[in-house]
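**Q** Quick one: sequence and predicted model below, then my questions.
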Amino acid sequence: MSSRDELYRTHAEGQTKFAYFVLGVAASAIAFAIHSTTGQALNWSHAPIGVAVILWSASFFFGLRYLSLRQGFLHINMDLAMLQEGRFRPEWQGMSPQEVEEIIRAAIAKADPKMGTVYLRQQWTLFGGALFYIAGHVLQMALLQPTPIKPQPSIAMEKAPPANTHSPPRR
């Protein structure tokens, strides 16, 4: 395997691992948002958190879509490698190798930018969800009624206990 092929393989593995990582973060964020709002009465201040959950759900969807497109892309590339080795799939019967290669290369050209777009959407919707969650949390903090702080007496103001003039006898 050439160093270029190894570099491509390493890059592709890194992207796939990152997509799985973002899937996990999105799922965890959804679970955390649901858990942190459990038992609260629904009101308009929860709207940004709702938008955050929708964005995280979209991120999860785009992650699954990316992984699906990635599998299809690998399949298309396997078809091209198979054709270059002189092997034909049954559905290619009656077609010249040049026709099959044109079809495969057109599928690669179509799938590659779509994969990149979905990959970026997964990341941006995760980030957008985080921003909306933070905004919702800040909004809820702003709507809280401040609780008055009761003044605490200082130690000097407290009355000192009477001095104990009698000590217990020692044995």
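**A** Yep, that arrived. Residues are numbered from 1 along each chain as shown.

**Q** Centre of the chain to the strand or helix carrying Ala31, how far?
**A** Per DSSP states H and E: Ala31 is located in helix 3-37. Taking the mean of its C-alpha atoms, helix 3-37 sits 7 Å from the chain's own mean (CA atoms, centre = their mean, to the nearest Å).

**Q** Which residues belonging to the helix or strand just after it are considered buried?
**A** Tracing the chain C-terminally past helix 3-37 and defining elements by DSSP H and E, one meets helix 47-84 next. Residues of helix 47-84 classed as buried: 48-49, 51-53, 55-63, 65-67, 69-70, 73, 76, 79-80, 83 (neighbour count, 16 or more other CB atoms under 10 Å). Where you see a C-beta, it was placed from the backbone N, CA and C, and this is true even at glycine.

**Q** Could you tell me the angle between helix 47-84 and helix 3-37?
**A** 160 degrees (axes from the mean of the first three to the mean of the last three CA atoms, to 10 degrees).

**Q** now for helix 47-84, which elements pack on it?
**A** helix 3-37, helix 97-143 (3 or more CB pairs under 8 Å, 6 or more residues apart in numbering; DSSP states H and E).

**Q** Deepest in the core, which of those helices is it.
**A** Mean neighbours per residue, mean count of other CB atoms under 10 Å, is largest over the helices and strands packed on helix 47-84 for helix 97-143, with a mean of 15.

**Q** which secondary structure elements does that one contact?
**A** Using 3+ CB pairs under 8 Å, 6+ apart: helix 97-143 touches helix 3-37, helix 47-84.

**Q** So what's the gap between it and the chain middle?
**A** Relative to its parent chain, helix 97-143 has a centroid offset of 11 Å by CA atoms, centre = their mean.

**Q** That one versus helix 47-84: what angle between them?
**A** 170 degrees.

**Q** quick one on the thing from earlier: can I get the helices and strands packed on helix 97-143 in CSV with mean pLDDT?
**A** CSV is the format used below for the helices and strands packed on helix 97-143 (pLDDT from 0 to 100):
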stretch, mean pLDDT
helix 3-37, 90
helix 47-84, 93
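
**Q** okay, those in a markdown table with distance to Met115 next?
**A** As requested, the helices and strands packed on helix 97-143 are exported to a markdown table (distance: least, CB to CB, whole Å):
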| stretch | distance to Met115 |
| --- | --- |
| helix 3-37 | 9 |
| helix 47-84 | 5 |
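
**Q** which one of the ones you listed lies closest to Pro148?
**A** helix 3-37 (26.5 Å; CB to CB).

**Q** And that closest one, what does it pack against?
**A** Helix 3-37 packs on helix 47-84, helix 97-143, going by 3+ CB pairs under 8 Å, 6+ apart.
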